[in-house]
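Trainee: The sequence and its predicted three-dimensional model are supplied below.
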Amino acid sequence: MTSPHRLGSSSPTSHLSISTASASSPPCSPTWSSGPSSFSPSSSSSSSSPSSTGSSYFHRRRDHLSGAASWGGREWERRLRKSATPKSLSGHTVLVTGAAGFVGFHVSRTLRQRGDRVVGLDNFNDYYDPGLKRDRQNILSRSGVFVMEGDINDQALLKKLFDVVPFTHVMHLAAQAGVRYAMQNPYSYVHNNIAGFTKLLEACKSANPQPAIIWASSSSVYGLNSKVPFSEKDRTDRPASLYAATKKAAEEIARAYNHIYGLSITGLRFITVYGPYGRPDMAYFFFTKDILNGNQITIYEGPDHSSVARDFTYIDDIVEGCLGVLDTSKKSTGSGGKKTVSAQLRTFNLGNTSPVPVTKLVRILEKLLKVKANKKVLPLPMNGDVKFTHANIKA
Ligand SMILES: O=C(O)[C@H]1O[C@H](OP(=O)(O)OP(=O)(O)OC[C@H]2O[C@@H](n3ccc(=O)[nH]c3=O)[C@H](O)[C@@H]2O)[C@H](O)[C@@H](O)[C@@H]1O
């Protein structure tokens, strides 16, 4: 692809697209910390801590904590059926979880544009400003995609969805993202990335037809490995963060469901995805905000002042990878909760293969913003960050 927005040596112009608004949408207003160079999850989640008990570690959702159902009823079912109604008999019928999230939004929009039938599901939690998620939902709605409010942990909702719509594929992109936030709110990672994923697989295994599943793992599963570039065959048993551990656990859970129930499953190891409508918790996003506001930013460095680098991957490339994988997915082989023959099981890296030092990212931002950043250099936190990522995508 020849997007002008790419970062890294494969980029023709080596600059970032940092816009979060487009002509078709009002500008979003992400939540930023009042302090320098960081991101703070908004409102209720900021009260979360490792010592949280009860439900306080779940992000707030508009209806879920009050117990009121936010789905169901005739109008809901009408919109669901309409969103899944074929424009033509070809194409796929796809449930996209996390459809109001960064990657889910772009994947849903592209699927719909090319004629697939898409239904979105998102819990609209406030890990970052839900207003940005509503903006994405509104844009999808205008293109004919219904993004319903609901949670992958809601088993009754999942059962109902698969009863009403014969999904051919599930694109599972709902997750608790963010590497460093796992120190503050570990339970959210277990709740979403392990428990929620298992509930989704349970629903898929019982559905008739069983859908093929494509889901978002992470490059963080390579953890403390020093071999580069990362190959899908490399070991993934040394996670450096709880986030990575939950993604690794989910990969093994997927393997078990594939083996036992004949679910066709493909896991995608995304690498630091950036682009329009991106996540406000990511460094490129809050660095931009802090530089513009004159706040200090913190740049991490490795031992002996070595650079920390990421294989920053542009969203269009991720979307292309997701759709390619969807189109080559084979059908699940189970029925009535039992498998007949072995089903497809795949794992792919989705990266740019061209790592960029964070110091260079900051230089690019300074050039584009025409503002000198107020920088503080600190040692890379030993609480989960890794020094570099670099994908091998030859598989
Ligand atoms: O590739 C992945 O697996 C992961 O990529 C990102 O995680 P990360 O690469 O840590 O992305 P950022 O938080 O945007 O950090 C980018 C780089 O900036 C550095 N950084 C971050 C924050 C900061 O204040 N200073 C700083 O130098 C980090 O060490 C990192 O090298 C996503 O946030 C994860 O959800 C995803 O799974």
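Mentor: Now that the structure is in, tell me what you want to look at.
Trainee: all contacts plus neighbour counts: C-alpha atoms, from now on.
Mentor: OK.
Trainee: Could you confirm whether stretch 128-147 reaches the ligand?
Mentor: No: figure legend: stretch 128-147 not in contact with the ligand (Cα under 6 Å from any ligand atom); closest approach 12.2 Å.
Trainee: which parts of that stretch are buried?
Mentor: By neighbour count on 16 or more other Cα atoms under 10 Å, the buried set for stretch 128-147 is 128-140, 144-147.
Trainee: do the same with stretch 308-318
Mentor: V308, A309, R310, D311, F312, T313, Y314, I315, D316, D317, I318.
Trainee: now swap in stretch 180-195 and tell me
Mentor: So stretch 180-195, judged by 16+ other Cα under 10 Å, has buried residues 181-182, 184-195.
Trainee: Could you do stretch 245-256 as well?
Mentor: A245, T246, K247, K248, A249, A250, E251, I253, A254, R255.
Trainee: Just to be sure, which of those are found in strands?
Mentor: Using DSSP state E, no member of those falls within strands.
Trainee: Show me those that map onto helices.
Mentor: Secondary structure from DSSP state H places A245, T246, K247, K248, A249, A250, E251, I253, A254, R255 of the buried residues of stretch 245-256 in helices.
Trainee: just to revisit the earlier point, quick one: which of the buried residues of stretch 180-195 is nearest the ligand?
Mentor: The ligand lies nearest to Y181 out of the buried residues of stretch 180-195, by Cα to the nearest ligand atom, at 9.2 Å.
Trainee: looking at this, the closest one is in a helix?
Mentor: Yes: assessed with DSSP: H, G, I helix; E, B strand; the rest coil, Y181 lies in a helix.
Trainee: what about it, distance to V221?
Mentor: 16 Å (Cα to Cα, to the nearest Å).
Trainee: contact partners of stretch 266-275?
Mentor: Residues from elsewhere that reach stretch 266-275 (Cα atoms under 8 Å, 6 or more residues apart in numbering): 5, 16-19, 213-219, 251, 284, 310-315, 318, 322, 325, 329, 344-352, 389, 391.
Trainee: Give me the most central residue, this protein.
Mentor: L173 (5.0 Å; Cα atoms, centre = their mean).
Trainee: Give me the buried entries from the contacts of stretch 266-275.
Mentor: By 16+ other Cα under 10 Å, those give 5, 16-18, 213-219, 251, 284, 310-315, 318, 322, 325, 329, 344-345, 347-352, 389, 391 as buried.
Trainee: And T359, which helix or strand is it part of?
Mentor: Using DSSP states H and E, T359 sits in helix 358-369.
Trainee: what do you get for S217?
Mentor: strand 212-218.
Trainee: export that strand as CSV, just CAs?
Mentor: Provided in CSV are the C-alpha atoms of strand 212-218 (Å, rounded to 0.1, in the frame of the first residue of the first chain):
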residue,chain,number,x,y,z
ALA,A,212,-15.1,-18.7,11.7
ILE,A,213,-13.3,-16.5,14.2
ILE,A,214,-10.6,-13.9,13.6
TRP,A,215,-9.4,-12.1,16.7
ALA,A,216,-6.9,-9.6,17.9
SER,A,217,-3.9,-10.9,19.9
SER,A,218,-0.9,-8.7,20.3
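Trainee: Show me what the mean pLDDT comes to for that strand.
Mentor: For strand 212-218, mean pLDDT rounds to 98.
Trainee: Filter the contacts of stretch 266-275 to keep only those in contact with the ligand.
Mentor: Okay, of the contacts of stretch 266-275 touching the ligand (Cα under 6 Å from any ligand atom), that's S218, S219, Y284, R310.
Trainee: need those residues in a markdown table with distance to M382, can you?
Mentor: Converted to a markdown table, these look like this (distance: Cα to Cα, whole Å):
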| residue | distance to M382 |
| --- | --- |
| S218 | 19 |
| S219 | 18 |
| Y284 | 21 |
| R310 | 17 |
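Trainee: Quickly name whichever of the residues you listed is closest to I260.
Mentor: Taking Cα to Cα as the measure, S218 is the one of those closest to I260, at 23.9 Å.
Trainee: wouldn't that closest one be in contact with K247 here?
Mentor: Yes: S218 is within contact range of K247, at 6.6 Å (criterion: Cα atoms under 8 Å).
Trainee: burial measure for K367, as a count.
Mentor: Residue neighbour count, defined by other Cα atoms under 10 Å, stands at 12 for K367.
Trainee: how close does it get to T288?
Mentor: Applying Cα to Cα to K367 and T288 gives a distance of 11 Å.
Trainee: What's the first helix or strand after the one helix or strand V94 maps to?
Mentor: Assigned by DSSP H and E, V94 belongs to strand 93-97. Sequence-wise, the next helix or strand downstream of strand 93-97 (DSSP H and E) is helix 102-113.
Trainee: That following helix packs against which elements?
Mentor: Helix 102-113 sits against strand 93-97, strand 117-122, helix 130-142, helix 315-327, with contacts defined as 3 or more Cα pairs under 8 Å, 6 or more residues apart in numbering; DSSP states H and E.
Trainee: Strand 93-97 and the second one, what's the angle between them?
Mentor: Between strand 117-122 and strand 93-97, the angle formed by their directions is 20 degrees, by axes from the mean of the first three to the mean of the last three Cα atoms, to 10 degrees.
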